[in-house]
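1. Would you be able to build a 3D model of this:
(chains A, B, C and D)
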Number of protein chains: 4
Amino acid sequence: MPKMKAAIFVEPGRIVLDDKPIPDVGPLDALLRVTTTTICGTDVHILKGEYPVARGLTIGHEPVGVIEKLGSAVQGYREGQRVVAGAITPSGWSNACLCGSCSQDGAGMAHGWKAIGGWKFGNTIDGCQAEYVLVPDAMANLAPVPDHLTDEQVLMCPDIMSTGFSGAERAGIRIGDTVAVFAQGPIGLCATAGAKLSGATTVIGVDRIPARLEMARRMGADHVVDASRGDPVRAIMDLTGGRGVDVAIEALGTQATFEGALSVLRPGGTLSSLGVYSGDLRIPLGPFAAGLGDHRIITTLCPGGKERMRRLMEVISSRRVDLGAMVTHRFRLDDIEAAYELFANQRDGVLKVAITP
Amino acid sequence: MPKMKAAIFVEPGRIVLDDKPIPDVGPLDALLRVTTTTICGTDVHILKGEYPVARGLTIGHEPVGVIEKLGSAVQGYREGQRVVAGAITPSGWSNACLCGSCSQDGAGMAHGWKAIGGWKFGNTIDGCQAEYVLVPDAMANLAPVPDHLTDEQVLMCPDIMSTGFSGAERAGIRIGDTVAVFAQGPIGLCATAGAKLSGATTVIGVDRIPARLEMARRMGADHVVDASRGDPVRAIMDLTGGRGVDVAIEALGTQATFEGALSVLRPGGTLSSLGVYSGDLRIPLGPFAAGLGDHRIITTLCPGGKERMRRLMEVISSRRVDLGAMVTHRFRLDDIEAAYELFANQRDGVLKVAITP
Amino acid sequence: MPKMKAAIFVEPGRIVLDDKPIPDVGPLDALLRVTTTTICGTDVHILKGEYPVARGLTIGHEPVGVIEKLGSAVQGYREGQRVVAGAITPSGWSNACLCGSCSQDGAGMAHGWKAIGGWKFGNTIDGCQAEYVLVPDAMANLAPVPDHLTDEQVLMCPDIMSTGFSGAERAGIRIGDTVAVFAQGPIGLCATAGAKLSGATTVIGVDRIPARLEMARRMGADHVVDASRGDPVRAIMDLTGGRGVDVAIEALGTQATFEGALSVLRPGGTLSSLGVYSGDLRIPLGPFAAGLGDHRIITTLCPGGKERMRRLMEVISSRRVDLGAMVTHRFRLDDIEAAYELFANQRDGVLKVAITP
Amino acid sequence: MPKMKAAIFVEPGRIVLDDKPIPDVGPLDALLRVTTTTICGTDVHILKGEYPVARGLTIGHEPVGVIEKLGSAVQGYREGQRVVAGAITPSGWSNACLCGSCSQDGAGMAHGWKAIGGWKFGNTIDGCQAEYVLVPDAMANLAPVPDHLTDEQVLMCPDIMSTGFSGAERAGIRIGDTVAVFAQGPIGLCATAGAKLSGATTVIGVDRIPARLEMARRMGADHVVDASRGDPVRAIMDLTGGRGVDVAIEALGTQATFEGALSVLRPGGTLSSLGVYSGDLRIPLGPFAAGLGDHRIITTLCPGGKERMRRLMEVISSRRVDLGAMVTHRFRLDDIEAAYELFANQRDGVLKVAITP
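-> Predicted structure coming up:
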């Protein structure tokens, strides 16, 4: 049985590169030879044991690659074709998919939550920090990459860009809206870009790291607020003349950012939450207006599927946004443990790394 | 200066009937002679001092009456006309109104929350538990009552029905949805009726009082769950075969009902919150799926304005729902202190009282 | 090769029952043994040569049956299971499906219109007026029928009910709306039921046949207008006090009904069009307000897929509507030519026929 | 009685500058001293007698000015304040406004169409091509102009920008959409800008005049199609690889542009119609897919009101779009007849003119 290299979760604190069999291809699957992938903040949660997955699982959910082998029932693709697949891999045929909750299908889940069943790579099935990855329901998930786009140009599509943009999309941003984005890590930066792309005319980026605030401006923020220098809620209320914002996007997953986002909402405003929280949240009575503020709190799991990937690649092709600057470091798959060390500790101004097997 | 009788907030624990001058009529106002009004749960919060209002304020926000005098700039009405006005009285001309947040206009507010500025009667201006009430922005707020409807038939329109129905409407209920309504007081009962009217095919009413569960069935609940007999979350998950509900409506304003509503949501489901909370809320991590469940939490303040009243009266005229059974007791305005005593203590199976000056 | 009986299009004017091989089962397919099916108005268009299909094609797109054989890649079902499939059979994995246009996938089409590619049965592949039918993309399309529902109870789900209800759903009917439904054939009757189920408080049914108007009342119409007795536009404007309707549903596919529906719309209203037109349409300038009326004209092709079928069966189980009375005649498959003769000529008050192989 | 100069409709073919009394100010009105206004294509329809208005009516519906006098019931403004008002002046308090159809209120109308009752200036009441104009329902309609914006910078807000942008907004453009805009006059150019601002990643501008196609590129078109050089439908199908567009915007009001827009729609796509048509329209069967294409045809009348103006000025302040280049010519009010002559005959590359009393 042929072998491949793969980044495997061993135990909290240890993800190691090891040999694994190249998987067999079921009728609906496709086997990809991974050409570029990356590490996500969620992978760091797995590394630290904060998000439990099975021991021996291959980690990673952001694959760009070339079709090595197609399942017997898969039509419409050819071996050798360059493709990208989303972090979330909807089947297309589940009831969840067919009623518009494409991210929420999937019977299996590691965490006891049906609500993230659509996230399979590196969660309930082997992921793509490896030489090869098996893509389930290939016809719903493989999106051909146009020749004029490089692997790195589409590397943000599977998760960061899809998640960040969805924060703007699900909030229903309208032309002329004022939007605040709490936290400017990779997802927050994409939310900033997505808010601008949706017609927001005042986008306010919040973070504590000057380099990220600088990047926020490049992604379209009209104003940036350094939360390490004072209360960002007050700063935003001042910037908006006391009116508050139409939409606040939470992109970190902490009580402070959630509460900040709620506190700057105008009556009738929308809090779009993207973060992965690690404990109970508190909704403070005042900013919540005791439940009488006509507010909406919307949570979103990264949208996936080939049509989503197609759309995001359209955005990149159109040059409306340039996410290329977010890849700050590059590693060979052989050096992925070093990549984790850098990324998990946010050393050296890292935003995203590119991993090439 | 002519005098009238009015129910006045004196101090926590004391609402008394007293004499007050009949107010002057500004150019945009209308003076109504109140023919029927009622007491709301919010009034009980005021009585108990849980929701602060100015001393001397006339309480009450659910007026049916006859136009006594029109402001000089008011057109399209005639004195003597029978009308109803919503609990929330949008101006029509505010920026909030003009961007679709009609409940959220109004500069003044008793509570320091802009978010309830649209609620004026018995909150920031004198209310309608009185012989006369001044309606601001009359052209936006006075809805003529068709002759074939009695005062009591439209008495639920200003608040209870508008609020309860909005819980169903804002959730975006679709034909075939399963909906759970937590708490079956007057607002929850209207939410139950509204969910059924919106096409939900399985409506589940939750409460702890058998008489209210019985009324829930009359309002359209297909199933009722007595929360005093066991965990309602488990009961609802059993009723739905483990699937959960598409929409859960919270209609009480407590941690337990909020948490129950969140816990029974399917991935991608919507929590529509109507309750007035009296403290911080906690969002438990599991039911919230750590923020990854594609959930929506939507809060709604009672929609007002004459078009809203017109629509609700259409519903009553169509006999799609019959809210008449909710008026369980009747009092003269002179006896309003006794009415408060009954209603605040929920004696004698009271749901709603009719007060006639 | 085993044979089966099937109703086959031979040439305009001739659909005959003939022998055909029972089809082979591909990996994503399921073979159903048809237990009940029906004839649709569209089949009559095919019979008359108004809608061209390939000679030799088996007609019919409304199957209830039992799984005879599952494709090798199909999971989650068992042979012998009773199921229903929609008239439209989305793949689930197409780009159209994944962007929310589930009725519009499918590469092949008989008519040169991509826009009806999702309609395959009896259009681009063999249909279900036969002893057996092959269901493509079985996992997206087979909906198990609950034991407590008979074949006839779910026989309207694949097309008539799904189409008619979608006319109400896509129009965005709100509680309190006034809705007119032009034509009360099977689809119009289901639109009437769907409008009522969506919260419309005044539903007006229009037709020229008294028996259909009578049935319209049973389906929920508050008023009926006999178009053979005068101008229905005037009648509806009178019924609405000159206001017009919020939503008008067109359910026949003629210039007269389309124009009538447009003419009764209030400014800002929605025309929901379900009919299959057979020639160019004319939009008259006046009712269209020269393009300045904030009107919406929405066309809808029958939604399909197993989740849609599940929802519609929920409606039937809930007893919110009773479509049973629409099956007016019953035939054996052997007598399907007689059934066509009756149905195509609308003899004997026929609404829908049940065909049992 | 003091007099002012005003451009008055005399008879088809004649709009003349003449003296008129400065109007009295009612309690809800404001009198503006007009500082800048412009001429609209609709005014040319009036001039030519194609759109009937009363003889003696002052024409013009795009006012920028200074508050000269406030009605007795108007609060929140001060005399001397610089403001802009929309072409459509909703009351705020009508049923139409309160149910979200703000452009469609107003009892009076010149044309027998209720559907344009919200358009009052220069249609049912005196307009703003004059030294003074009376603004009805001033509190709903006067939007203060920020000091950093010039009159000319906000001159497109009342009509052209509001209408053009609404073509994009009402179509529900999503990030990654492909949009075609048929005709690149002032409204089409604003629709092009609005489509880009809404996240469309491929915007295709169609016209027959090279200078307008060049301007289309400046407004954000990724591709332009010269309809004088061949069939634009074929060109757009080629540009989209045969897929068609998600949204097509019609911005001229002719059969050819309407039909072109319909013909390039993908199944499930939306035709957003902005043009003012002057005769019946024909919907061709094929592009309409016989009514089975899940298409939407949406017409929109220019949104007005002070909140709309505020939002549009936010867009201008944000520098997301620059409409300044659209003002190609400038005239004194005294020379307005010459301005009409130029504009009506589209001489000298005119797009929009600025008129200053």
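2. Neighbours of A:D335, how many?
-> Per other Cβ atoms under 10 Å in any protein chain shown, the neighbour tally for A:D335 reads 15. For the C-beta atoms, the positions are set from N, CA and C on the backbone; glycine is no exception.
3. you'd agree it is in a helix?
-> Yes - the assignment for A:D335 by DSSP: H, G, I helix; E, B strand; the rest coil puts it in a helix.
4. which residues touch it?
-> The contact partners of A:D335, by Cβ atoms under 8 Å, 6 or more residues apart in numbering or on different chains, come to none.
5. List, one by one, the residues from the stretch 101-250 of chain A near chain C.
-> A:102, A:137, A:139-140 (Cβ under 8 Å from any Cβ of the partner chain).
6. and these, which of them are in helices?
-> The helices, defined by DSSP state H, take in A:139-140 from those.
7. Tell me which two in the residues of the stretch 101-250 of chain A next to chain C are the farthest apart.
-> The span of these, defined through Cβ to Cβ, is set by A:C102 and A:M139 at 14.1 Å.
8. higher neighbour count, those two?
-> Shown here are A:C102 and A:M139; by other Cβ under 10 Å, A:C102 has more neighbours (30 against 25).
9. what's the pLDDT at the more buried one?
-> At A:C102, the model reports a pLDDT of 84.
10. re earlier: dump the residues of the stretch 101-250 of chain A next to chain C to a markdown table, plus distance to chain B.
-> A markdown table is the format used below for these (distance: Cβ to the nearest Cβ, whole Å):
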| residue | distance to chain B |
| --- | --- |
| A:C102 | 9 |
| A:D137 | 18 |
| A:M139 | 23 |
| A:A140 | 18 |
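11. Let me know the pLDDT of the residue of the stretch 251-357 of chain A found nearest chain C.
-> Closest contact between the stretch 251-357 of chain A and chain C, by Cβ to the nearest Cβ, is at A:E307 (3.7 Å). With respect to pLDDT, A:E307 has a value of 95.
12. For it, the count of nearby residues, please.
-> By other Cβ under 10 Å, the residues close to A:E307 number 24.
13. now A:V350
-> Residues near A:V350, counting by other Cβ under 10 Å: 18.
14. likewise A:D24?
-> Using other Cβ under 10 Å, A:D24 has 11 neighbouring residues.
15. so who does A:A6 touch?
-> A:17-20, A:58, A:126, A:129-131.
16. Mean confidence (pLDDT) on whichever strand or helix holds A:T163, please.
-> Using DSSP states H and E, A:T163 sits within helix A:162-170. For helix A:162-170, mean pLDDT is 98.
17. Next, the angle from the helix or strand following that helix to helix A:162-170.
-> Next helix or strand after helix A:162-170 toward the C-terminus (DSSP H and E): strand A:178-182. Counting by axes from the mean of the first three to the mean of the last three Cα atoms, to 10 degrees, strand A:178-182 lies at 150 degrees to helix A:162-170.
18. which is the next helix or strand following strand A:178-182?
-> Following strand A:178-182 toward the C-terminus (DSSP H and E): helix A:186-197.
19. How about that following helix and chain D, touching?
-> Yes - for helix A:186-197, a contact with chain D is found by Cβ under 8 Å from any Cβ, at A:194, A:197.
20. any idea which helix or strand comes after that helix?
-> From helix A:186-197 onward toward the C-terminus, using DSSP H and E, the following helix or strand is strand A:202-207.
21. anything in that next one sitting right up against chain D?
-> Yes - for strand A:202-207, a contact with chain D is found by Cβ under 8 Å from any Cβ, at A:T202.
22. That strand: partners in the sheet, and parallel or antiparallel?
-> Using DSSP bridges, the strands paired with strand A:202-207 in its sheet are strand A:178-182 (parallel), strand A:223-226 (parallel).
23. ok, back up a step: among the residues of the stretch 101-250 of chain A next to chain C, name the least confidently predicted one.
-> Ranking these by pLDDT, A:C102 lands last with 84.
24. Could you measure from it over to C:T356?
-> Taking Cβ to Cβ, to the nearest Å as the measure, A:C102 falls 38 Å from C:T356.
25. Just give me how far the helix holding A:T163 sits from the chain centre.
-> 9 Å (Cα atoms, centre = their mean, to the nearest Å).
26. A:P52: neighbouring residues, count only.
-> When neighbours are counted by other Cβ under 10 Å, A:P52 comes out with 13.
27. Contact residues of the stretch 251-357 of chain A facing chain B?
-> So far as Cβ under 8 Å from any Cβ goes, the stretch 251-357 of chain A lies against chain B at A:253, A:266-268, A:273-286, A:288-301.
28. what subset of these is also close to chain D?
-> For chain D, no contacts are drawn from those by Cβ under 8 Å from any Cβ.
29. Tell me where the stretch 251-357 of chain A has strands.
-> A:265-273, A:281-283, A:296-299, A:327-332, A:352-356 (DSSP state E, counting those that start in this stretch).
30. any chance of those in a markdown table, with distance to A:F343, mean pLDDT and mean neighbour count too?
-> Shown next, in a markdown table, are those (distance: least, Cβ to Cβ, whole Å; pLDDT from 0 to 100; neighbours: other Cβ atoms under 10 Å in any protein chain shown):
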| stretch | distance to A:F343 | mean pLDDT | mean neighbour count |
| --- | --- | --- | --- |
| strand A:265-273 | 23 | 96 | 26 |
| strand A:281-283 | 26 | 97 | 18 |
| strand A:296-299 | 25 | 98 | 24 |
| strand A:327-332 | 8 | 97 | 16 |
| strand A:352-356 | 6 | 98 | 21 |
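31. Redo these as TSV? Include distance to B:N95.
-> Output for the strands of the stretch 251-357 of chain A, formatted as TSV (distance: least, Cβ to Cβ, whole Å):
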stretch	distance to B:N95
strand A:265-273	10
strand A:281-283	26
strand A:296-299	19
strand A:327-332	43
strand A:352-356	40
